[in-house]
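Novice: Build me a structure from this.
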Amino acid sequence: MSREEIGSRLAGVRYGRLNRLGDQRGSFTELWRSSIFGEIGVDAAGMPDARFVQANLSTSAQGVLRGLHYHRRQLDHWIVVGGRALVALVDVRPVVANPGAHALVETRELSDRESVTIPTGVAHGFLALEPLSLLYLVTNEYDGSDELGFAWDDPAVGVPWPAVPGTPDGSPILSDRDRSNPTLLELVERLRGN
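Specialist: Numbering: from 1, shown residues only. Reported below is the predicted structural model:
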């Protein structure tokens, strides 16, 4: 597996592009290999001895926005296996440490065979720019206790989501959960109360 690494200004975030081998029969792409990925540090995963323990495949119609989701105990590794997405990452770590701080926002368009590693404490979401298939590996099995989130359109965060063509007001297609998430500051206040 050869993997091209692309930098990020958010600590612990890694972007990459996977190689595909193909001929007239089809193609083969190695999605992940632990010896190339390397050890997952406690700073990225939020826990010692982290390893990927669950893989998921998400499909989304064009115009679907999922996020912004936040984990305190889980690292995600996303691979676009088909389609195109605008990925938004929001580094919440400075805000959790100091509520007066500002979250750092980074957006990047990812397409087929591109990947991003999202450390613990970095909220994430994506807008499907076309029909999308997204494979993601995570370091915790799903149990619901670490499934947090905040409003995709929180003006204090300011993710520059584009208008969605084909919807009445340009708004994305959202789940009930993502439509009703609190602001980032409300989420942080709730976490401080726990």
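
Novice: in the protein, which spans are helices?
Specialist: Across the chain, reading from the start of the chain, the helices by DSSP state H fall at 34-37, 42-45, 93-97, 176-179, 184-193.

Novice: And these: which comes nearest Ala103?
Specialist: Distances from Ala103 to each of these were compared using CB to CB; the shortest belongs to helix 93-97, at 5.2 Å. The way it works is simple: take the backbone N, C-alpha and C, and place the C-beta from them, glycine included.

Novice: what pLDDT, on average, does the closest one get?
Specialist: What helix 93-97 shows for mean pLDDT is 92.

Novice: got it, and stretch 55-66?
Specialist: For stretch 55-66, the per-residue pLDDT averages 96.

Novice: picking up where we left off before, what about the helices of the chain, which gets the closest to Val87?
Specialist: For Val87, the closest of the helices of the chain is helix 176-179, at 15.2 Å, according to CB to CB.

Novice: Restricting to C-alpha, output the closest one in CSV.
Specialist: This file holds the C-alpha atoms of helix 176-179, laid out as CSV (Å, rounded to 0.1, in the frame of the first residue of the first chain):
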residue,chain,number,x,y,z
ASP,A,176,-33.5,15.1,12.9
ARG,A,177,-30.4,14.8,15.1
ASP,A,178,-28.3,17.1,13.1
ARG,A,179,-31.2,19.6,12.7
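
Novice: begin at 805 from here
Specialist: Yes, from this point I'll number from 805; that puts the last item at helix 980-983.

Novice: Please pull out the lowest mean pLDDT helix or strand from this structure.
Specialist: Among the helical and strand segments of the chain, the one scoring lowest on mean pLDDT, DSSP states H and E is strand 807-810, with a mean of 61.

Novice: Format the CA atom coordinates belonging to stretch 876-887 as PDB.
Specialist: Written as PDB, here are the backbone C-alpha positions of stretch 876-887 (Å, rounded to 0.1, in the frame of the first residue of the first chain):
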ATOM      1  CA  ARG A 876     -14.100  12.600  23.200                       C
ATOM      2  CA  ARG A 877     -12.900   9.000  23.000                       C
ATOM      3  CA  GLN A 878     -12.700   8.100  19.300                       C
ATOM      4  CA  LEU A 879     -10.400   8.600  16.300                       C
ATOM      5  CA  ASP A 880     -12.000   8.300  12.800                       C
ATOM      6  CA  HIS A 881     -10.300   7.400   9.600                       C
ATOM      7  CA  TRP A 882     -12.500   8.200   6.500                       C
ATOM      8  CA  ILE A 883     -12.000   7.000   3.000                       C
ATOM      9  CA  VAL A 884     -14.100   8.200   0.100                       C
ATOM     10  CA  VAL A 885     -14.800   5.100  -2.000                       C
ATOM     11  CA  GLY A 886     -17.100   6.800  -4.400                       C
ATOM     12  CA  GLY A 887     -18.400  10.300  -5.100                       C
END
